[in-house]
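Engineer: Model the following, please.
(2 chains)
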Number of protein chains: 2
Amino acid sequence: MLHERHPCFVFRFMNGRFPLFCFETRFWGITLGDLSPEDSHVIITAMEDQHRKFMKAALKEAQKAYEKKECPIGCVIVKDGKVFVRAHNLKLTKSNALMHAEVIAIDKACKKLGDWRLNDMDMYVTLEPCTMCSGAIVQSRIRKVYFGAYEPKSGAVCSCNDIFNVEHGHNHHVEFEGGVMEEECSELMLQFFKEMRERNKLK
Amino acid sequence: MLHERHPCFVFRFMNGRFPLFCFETRFWGITLGDLSPEDSHVIITAMEDQHRKFMKAALKEAQKAYEKKECPIGCVIVKDGKVFVRAHNLKLTKSNALMHAEVIAIDKACKKLGDWRLNDMDMYVTLEPCTMCSGAIVQSRIRKVYFGAYEPKSGAVCSCNDIFNVEHGHNHHVEFEGGVMEEECSELMLQFFKEMRERNKLK
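Structural biologist: Below you'll find the predicted structure:
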């Protein structure tokens, strides 16, 4: 499903420092169309494995938030094909409205890199980012966001707003892909809210 | 001009802990209509003086950013009629995309208060907030934002987006008022960009 929409990511994924002048399916003169269906399948499977690997790392972070009775959202930022920073939601723990997983991860990445520009990095986050986090992603110039569950009530990437749309006056365009390991990400959220309702009933 | 749009703020400003159930012009049975034009004028002038006082404090912060060769944006958060925290843009100084004046101020306020909810606080900022900052304002439940200059290229309050509009799925509605000491706020920005262009020419 993924490769039908973005065939170029097959190549991008095989090279963390893949330049932005790769358009669609062409790279070093090779197009997906040049490959046999079997070869394409192998490459696409490898790419999907990479996606799952990073989203699993984000889910592990979400689990840490869950154990702290925080809304279970986790996030990793990936650079050169490796996890660069990890973070999870700490809003209640820190009593701070800014402490969403994405904002903490961007803060960590800027500090680790010593630069405010995270151009060649991708983010994996278990839930569609809110307005603040989407804005922070644009500000830090992250290349692409992969998110798990859609957030129909307040997601700002495609559900309730389209923050990454350059029409809103941003200098930087962020690509995105929703629904990566959607079921697992949603399941954790549903479990959390179910438990929260039960706790509230007992009060 | 201000009172024509929001007459209730005359009263709100005279009481920092003014409750949200004050609707429009009515407060303790008094409406602006009950007052003589002279009395209304006195109250409105006092209110505008308050606005100017807080925006001047924000401009002082912007000046600090200017001296650090940062884009000159300053901000204060006001609680109970007093400045609670102050901040200015430190994006380049800290090499961190998150370090906008508004985000730093919200971070400081949450830490000082020990709570993620800043419900009874107002923000004064010299420039219309961007998407990230507008989202952070919504997340922290700030009551009202007063900004100086409009930002036609990327302002997210009313210029290029309308983040405070509850239609975007936020639980909290933030009020706003633009154009407070607009001329002074714009002047500082224009001066900064003029100097920056001159510096770049010399390179």
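
Engineer: The longest helix along chain A: what's the following helix or strand?
Structural biologist: Identified as the longest helix of chain A according to DSSP state H is helix A:37-67. Using DSSP states H and E, the helix or strand that follows helix A:37-67 in sequence is strand A:74-79.

Engineer: which element is the spatially most central residue of chain A on?
Structural biologist: The centre of chain A sits closest to A:Tyr124, judged by Cα atoms, centre = their mean, with a distance of 2.6 Å. Element membership for A:Tyr124 (DSSP H and E) is strand A:121-127.

Engineer: Kindly report the same for A:Arg86.
Structural biologist: Assigned by DSSP H and E, A:Arg86 falls within strand A:82-88.

Engineer: low-confidence ranges in chain A?
Structural biologist: Across chain A, residues meeting the criterion (pLDDT under 70) sit at A:1-34.

Engineer: run the last query once more with 80
Structural biologist: Applying pLDDT under 80 to chain A flags residues A:1-35, A:40, A:42-44, A:46-47, A:203.

Engineer: re earlier: please name the strands paired to the strand holding A:Arg86 in the sheet, noting orientation.
Structural biologist: In the sheet, strand A:82-88 lines up against strand A:74-79 (antiparallel) (DSSP bridges).

Engineer: contacts for the partner strand?
Structural biologist: Residues outside strand A:74-79 that contact it (Cβ atoms under 8 Å, 6 or more residues apart in numbering or on different chains) are A:16, A:54, A:57-65, A:83-89, A:101-102, A:104-106, A:108-109, A:118, A:120-126, A:142. Using the backbone N, CA and C atoms, a C-beta is placed for each residue, glycine as well.

Engineer: Sort out which of those residues are buried, if you could.
Structural biologist: Those of the contacts of strand A:74-79 that meet the buried threshold are A:54, A:57-59, A:61-62, A:64-65, A:84-89, A:101-102, A:104-106, A:109, A:118, A:120-126, A:142, by 16 or more other Cβ atoms under 10 Å in any protein chain shown.

Engineer: Excluding sequence neighbours, find me the nearest residue to A:Ser134.
Structural biologist: Once flanking residues are discounted, A:Ser134 sits nearest to A:Ile163: 3.8 Å by Cβ to Cβ, 6 or more residues apart in numbering or on different chains.

Engineer: how much does the strand holding A:Tyr124 deviate in direction from helix A:37-67?
Structural biologist: If you take axes from the mean of the first three to the mean of the last three Cα atoms, to 10 degrees, strand A:121-127 sits at 60 degrees to helix A:37-67.

Engineer: Let me know the next secondary structure element after strand A:121-127.
Structural biologist: With DSSP H and E, the next secondary element past strand A:121-127 is helix A:131-139.

Engineer: Tell me which strands the helix or strand that that next one is followed by pairs with, and in which orientation.
Structural biologist: Using DSSP H and E, the helix or strand that follows helix A:131-139 in sequence is strand A:144-149. Strand pairing for strand A:144-149, using DSSP bridges, gives strand A:121-127 (parallel), strand A:175-177 (parallel).

Engineer: Whatever helix or strand comes next after the shortest one to strand A:121-127, inter-axis angle?
Structural biologist: Tracing the chain C-terminally past strand A:175-177 and defining elements by DSSP H and E, one meets helix A:182-202 next. An angle of 40 degrees separates the directions of helix A:182-202 and strand A:121-127 when computed by the same axes, to 10 degrees.

Engineer: Can you list the buried residues in helix A:182-202?
Structural biologist: A:Glu184, A:Cys185, A:Ser186, A:Leu188, A:Met189, A:Phe192.

Engineer: The third one and A:Ala65, how far apart?
Structural biologist: Pointing back at A:Ser186 there. Noted for A:Ser186: a distance of 15 Å to A:Ala65, by Cβ to Cβ, to the nearest Å.
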